[in-house]
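Novice: heads up, no residue letters with this:
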C-alpha cells in the first residue's frame, strides 16, 4: 500500500476526532468580523471536546494565541497554525521502534482488558514477518482461554510459532519458556502477550514486574521493549492508565488503538504532552494495514484535515 493510501486511511480513521477539533472552524482564514479571542475560544472548545484535556489544551491555546497576534490577521491560516502547535507536542514522541541487532528482540505487551493487545500482537507479528523477521509469540495471557486461542489462530494464519500452556498456568513461566525457545531457535523477535489488568490492581501489576524479572534471568536487557497498548476511546482514562503503567513497568513505547471508533482521539496529544513516551504505533481500523507506524506530521495533518506536503 502506498504512503498516500496509508495517509488516507489515517485521515478516515481520525474523522470523528477531527470533527470535534475543527467543528467550530468553518473558515480556514480568520474572519475579520471575529475577534482573535472568539477564534481562540472556538479552537479551545474543539480541543476540549476531542478529549485533549485542560492542561494540554491551555498549552496549545497559549502558543496559538501568540502566533496569531504575531501574524498578519488578514492572511493567517488558522488551521495551519493549529497543525504546527499540535505537531510541536507530538514530535518528541515520533520515535519508531528499532530492533537493532539484538536477537531475539523481546517485546512485552501490556495493558488493560479490551485495549486490543492480542489483536495488536497479531498485526505486529504479521508486519514483522513481512519485513523478513522470524517471529515467535508467547501466550502469556493465561487467565483467558480465548486470548490463547486467538493468539494461536494468529500464529497459524501467519505460520508463526506460538508457545502456550493450559489456562491458569503461571504467565511468567510461559514467557520464560518462550524466551528460552526463541534463543535456542535463533528467532529474531519474540512478542509476549500478558493478561489484561486494571492499572489500579496492585497484585496484578506485581505479576507483570515478576515477568520482567524472570525474562532478565535469560537476558539481562529483556524485555527490550515494554509496549503499552491503550484504547483511545477511553479518553482521559487512557492517560491515567499510561501514567500508572509507566510508573510500575517503565514503559518504553505506546500503541494507541481504536482511534477510528472514537471522537476522543485528542487524548493522544494529552499523553504525548504529559509523558513524552515514544508512540510506536496507532490503530485506525481493523485491517492489518490499519496498524500504522506513528508519524507526528501525518497525525497532525490528518487531525486538522489538511493534505501532506509534497
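Specialist: Sure, I can see it. Just so it is clear, the model here is predicted, and its values are computed rather than measured.

Novice: which one is residue 46 nearest to, not counting chain neighbours?
Specialist: Nearest residue to residue 46, sequence neighbours excluded (CB to CB, 6 or more residues apart in numbering): residue 21, at 4.6 Å. Placement of C-beta: from N, CA and C, glycine included.

Novice: contacting residues for the one you found?
Specialist: Residue 21 makes contacts with 46, 47, 49, 50, 82, 266, 303, 304, as judged by CB atoms under 8 Å, 6 or more residues apart in numbering.

Novice: quick one, what contacts the second one?
Specialist: When the contact criterion is CB under 8 Å, 6+ apart, the partners of residue 47 are 21, 56, 57, 60, 61, 266, 269.

Novice: same question for the fourth one.
Specialist: Counting by CB under 8 Å, 6+ apart, residue 50 makes contact with 17, 20, 21, 263, 264, 265, 266.

Novice: okay, among the residues you listed, which ones form the most distant pair?
Specialist: For those, the maximum inter-member distance is 11.1 Å, found between 21 and 264 (CB to CB).

Novice: helix/strand/coil for residue 194?
Specialist: coil (DSSP: H, G, I helix; E, B strand; the rest coil).

Novice: can you name every helix or strand that the host helix or strand of residue 64 contacts?
Specialist: Using DSSP states H and E, residue 64 sits within helix 54-69. With contacts taken as 3 or more CB pairs under 8 Å, 6 or more residues apart in numbering; DSSP states H and E, helix 54-69 sits against helix 36-49, helix 78-90, helix 267-275.

Novice: hmm, who's touching stretch 161-180?
Specialist: 104, 106, 108, 136-145, 148, 151-152, 154-155, 181, 190, 192, 194-195, 207, 210-211, 213-215, 217-219, 222.

Novice: same thing but 7 Å
Specialist: 106, 136-140, 142, 145, 148, 151-152, 155, 181, 190, 192, 194-195, 207, 210-211, 214-215, 218-219, 222 (CB atoms under 7 Å, 6 or more residues apart in numbering).

Novice: just the ones of those in helices?
Specialist: Counting by DSSP state H, the contacts of stretch 161-180 place 145, 148, 151, 152, 155, 181, 207, 210, 211, 214, 215, 218 in helices.

Novice: turn the contacts of residue 50 into TSV, including secondary structure, pLDDT and distance to residue 255.
Specialist: Formatted as TSV, the contacts of residue 50 follow (DSSP: H, G, I helix; E, B strand; the rest coil; pLDDT from 0 to 100; distance: CB to CB, whole Å):
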residue	secondary structure	pLDDT	distance to residue 255
17	helix	94	17
20	helix	89	22
21	helix	88	22
263	coil	92	20
264	coil	94	16
265	coil	95	14
266	coil	96	17
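
Novice: tell me the one among those residues nearest to residue 95.
Specialist: Using CB to CB, residue 265 is the member of the contacts of residue 50 that lies nearest residue 95, at 19.6 Å.

Novice: so that closest one sits against residue 259, correct?
Specialist: Yes: the criterion here is CB atoms under 7 Å, and residue 265 meets it with residue 259 at 4.7 Å.

Novice: now for those two: what residues contact both?
Specialist: With CB under 7 Å, 6+ apart as the test, residue 265 and residue 259 both reach 14, 232.

Novice: more neighbours: the two, which one.
Specialist: residue 265 (31 against 28; other CB atoms under 10 Å).

Novice: just give the nearest non-adjacent residue to the more buried one, would you?
Specialist: Take residue 265 and drop its neighbours on the chain: the residue closest to it by CB to CB, 6+ apart is residue 17, 3.4 Å away.

Novice: so how far is residue 215 from the one you found?
Specialist: 36 Å (CB to CB, to the nearest Å).

Novice: please apply the same query to residue 238.
Specialist: For residue 238 relative to residue 215 (CB to CB), the value is 26 Å.

Novice: kindly report the same for residue 82.
Specialist: The value you get for residue 82 to residue 215, if CB to CB is used, is 43 Å.

Novice: repeat that for residue 190.
Specialist: Relative to residue 215, residue 190 is positioned 9 Å away (CB to CB).

Novice: and the strands in the stretch 101-250 of the chain?
Specialist: Using DSSP state E, counting those that start in this stretch, the strands of the stretch 101-250 of the chain run over 105-110, 135-138, 162-163, 189-192, 225-231.
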